[in-house]
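**Q** Below are the sequence and a predicted model for it; my questions follow.
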Number of protein chains: 4
Amino acid sequence: MQRNDDFQPRDPEFGERVRASFNRQPFMHHIGARITDVSPGRCTIHLPYRAELTQQHGYMHAGIMGTMADNAGGYAALSLMPPGKEVLTVEYKINLLQPGQGEAIVSRGRVLKAGRTLTICRSDVFNIVQGEEILCATAQFTMMAVAERR
Amino acid sequence: MQRNDDFQPRDPEFGERVRASFNRQPFMHHIGARITDVSPGRCTIHLPYRAELTQQHGYMHAGIMGTMADNAGGYAALSLMPPGKEVLTVEYKINLLQPGQGEAIVSRGRVLKAGRTLTICRSDVFNIVQGEEILCATAQFTMMAVAERR
Amino acid sequence: MQRNDDFQPRDPEFGERVRASFNRQPFMHHIGARITDVSPGRCTIHLPYRAELTQQHGYMHAGIMGTMADNAGGYAALSLMPPGKEVLTVEYKINLLQPGQGEAIVSRGRVLKAGRTLTICRSDVFNIVQGEEILCATAQFTMMAVAERR
Amino acid sequence: MQRNDDFQPRDPEFGERVRASFNRQPFMHHIGARITDVSPGRCTIHLPYRAELTQQHGYMHAGIMGTMADNAGGYAALSLMPPGKEVLTVEYKINLLQPGQGEAIVSRGRVLKAGRTLTICRSDVFNIVQGEEILCATAQFTMMAVAERR
């Protein structure tokens, strides 16, 4: 299956930029998420299981799965933006395949198409159960480049 | 436009059931959300603005908008379920129309079609800004009825 | 529910423009669809039932439901564009609620938010069965304004 | 990235069944689509470019892209169904990445998760341009197993 995975970053400091933006998100601190990997067009985010993020059966809340998918996709998109641009989520669609459970949630986002205005991304979200990754959600995103605000 | 808005609840205690399920969700307590209204096929959820739920620009996180939309849709669906059934989110799609800001977020979910296995819902999410409601996100959901677990 | 339904067209000849664009679509002629109404931010498209557009059970094909939803949404968006702009579909999501059957399909598209670059639309698709409209699909769209090509 | 690609067909004659169902679809004959490959959990559909399937710029219509994605996903799902079951599309979401153009459209569907009631699929749609495949659309589907009707 042919896909362009040879994305060239337009900002050599894309890694620092992605991490700095992530670190300015209070909600990420609040839930305990962190970035574990960034490369051009890709980003991985990790979230340890926490009881306060669950729904009524003790599974991670669907909204948390969406949050994890959204952030991995958004930062995959940001990794390809030129300096002075940032990324807004226009829309996303997520299928929940398995309940969110285990030791942690890992979300892997990647860019499918990087346009000048719009970037289309996919995120796969995994449960880590006894060290093994099990696909538990998959999502598609439309992201928009906007001028950075300070 | 013809739509069936005359949903008949199959459980006369649908209201208590919806509220009891909501109250068993640790994540809802954690973020400070509460149900303000339930009727057959409809549910409204309210969340005061909180700094720890924001992204890097001080807007409510897209994941929180998805959470709010998901819960209002899910409980709209649950309000029509017979006793012994509950609701899982199969998938959702959300368009973010405005940044999440203001005093609070209100999410209004309603059932578009209640099937035996699948229920299709829509949620509209509003910012409350100086007391006025402004549409900031809209979402479509597929929910599935499953046997209640205890 | 507050929504901005007071859209002001930026091209006084929006109606002619929408119809002219529609008429340049070979696929619309091919399947027999026609526009029955255009107003600022809204468009209605009508398609008589045809056996060659069906799937294996004699219902209108899901792809035809998507086509009808897409065109009504796209022309609702175009009705608000300034001269010199046209509309591309970025993405859509459709829930199929009932099989496509009856005498005809009617798709009603409307704009939820008209931005400078992106327009978010919804389309509801109805079966006409013995003269009555029954909701059979509902869809959300992201449309993008692009410079008109000649 | 862990995914279950070892799907076991529950009907040894899945290939014949998929092709027979496809051949009963008038709309597929009408547009000139054909199945070029079926394996457990996967299906590929091919459609030569045709002027009557285009929109106003001579590109394949977005509704045709959705149709191609839907059918490849649906037949990927059907390939895993036990005898006596068939597949309905509950919903889909498609991102259009490139205009539909070239010599032909190829749609590759595959199952992400095969449940008893619901099957989640993805389809990637490619333009064939001078013999090369270029990703032009990607879609996610929820399919439902229903009793076969005769």
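**A** Yes, it's here. This one's a predicted model, so the numbers in the text were calculated from it and none came from an experiment.

**Q** Any residue of the longest helix belonging to chain A touching chain D?
**A** Of all segments of type helix in chain A, defined using DSSP state H, the longest is helix A:62-78. No - Helix A:62-78 lies out of reach of chain D by CB under 8 Å from any CB of the partner chain, never closer than 11.9 Å. Heads up, the C-betas are built off the backbone N, CA and C, glycines and all.

**Q** do that helix and chain C meet?
**A** No - applying CB under 8 Å from any CB, one finds helix A:62-78 out of contact with chain C, separated by at least 13.5 Å.

**Q** got the angle for that helix vs helix B:62-78?
**A** With axes from the mean of the first three to the mean of the last three CA atoms, to 10 degrees as the basis, helix A:62-78 and helix B:62-78 are set at 150 degrees to each other.

**Q** quick one: whatever helix or strand comes next after helix A:62-78 to helix A:62-78, angle?
**A** Proceeding C-terminally, helix A:62-78 gives way to strand A:85-96 as the next helix or strand, assigned by DSSP states H and E. Strand A:85-96 runs at 140 degrees relative to helix A:62-78, counting by the same axes, to 10 degrees.

**Q** Restricting the selection to alpha carbons, write the longest helix of chain A to PDB.
**A** This file holds the C-alpha atoms of helix A:62-78, laid out as PDB (Å, rounded to 0.1, in the frame of the first residue of the first chain):
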ATOM      1  CA  ALA A  62     -14.400   7.000  25.900                       C
ATOM      2  CA  GLY A  63     -13.600  10.700  26.100                       C
ATOM      3  CA  ILE A  64     -10.100   9.900  27.400                       C
ATOM      4  CA  MET A  65      -9.600   7.600  24.400                       C
ATOM      5  CA  GLY A  66     -10.700  10.500  22.100                       C
ATOM      6  CA  THR A  67      -8.400  12.800  24.000                       C
ATOM      7  CA  MET A  68      -5.400  10.500  23.600                       C
ATOM      8  CA  ALA A  69      -6.200   9.900  19.900                       C
ATOM      9  CA  ASP A  70      -6.600  13.700  19.300                       C
ATOM     10  CA  ASN A  71      -3.400  14.700  20.900                       C
ATOM     11  CA  ALA A  72      -1.300  12.100  19.100                       C
ATOM     12  CA  GLY A  73      -2.800  13.100  15.800                       C
ATOM     13  CA  GLY A  74      -2.500  16.800  16.500                       C
ATOM     14  CA  TYR A  75       1.100  16.600  17.400                       C
ATOM     15  CA  ALA A  76       1.900  14.300  14.500                       C
ATOM     16  CA  ALA A  77       0.500  17.200  12.400                       C
ATOM     17  CA  LEU A  78       2.400  19.900  14.300                       C
END
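
**Q** Pick out the residue of chain A closest to chain D.
**A** Across chain A, the shortest distance to chain D (CB to the nearest CB) belongs to residue A:93, at 4.1 Å.

**Q** Tell me the bridge partners for that residue.
**A** Under the criterion DSSP bridges, residue A:93 forms beta bridges with residue A:140, residue B:93.

**Q** contacting residues around it?
**A** By CB atoms under 8 Å, 6 or more residues apart in numbering or on different chains, the contact set of residue A:93 is A:139, A:140, B:91, B:92, B:93, B:94, C:93, D:93, D:140.

**Q** doesn't residue A:123 make contact with the first one?
**A** Yes - proximity of residue A:139 to residue A:123 meets the contact threshold set by CB atoms under 8 Å, at 4.8 Å.
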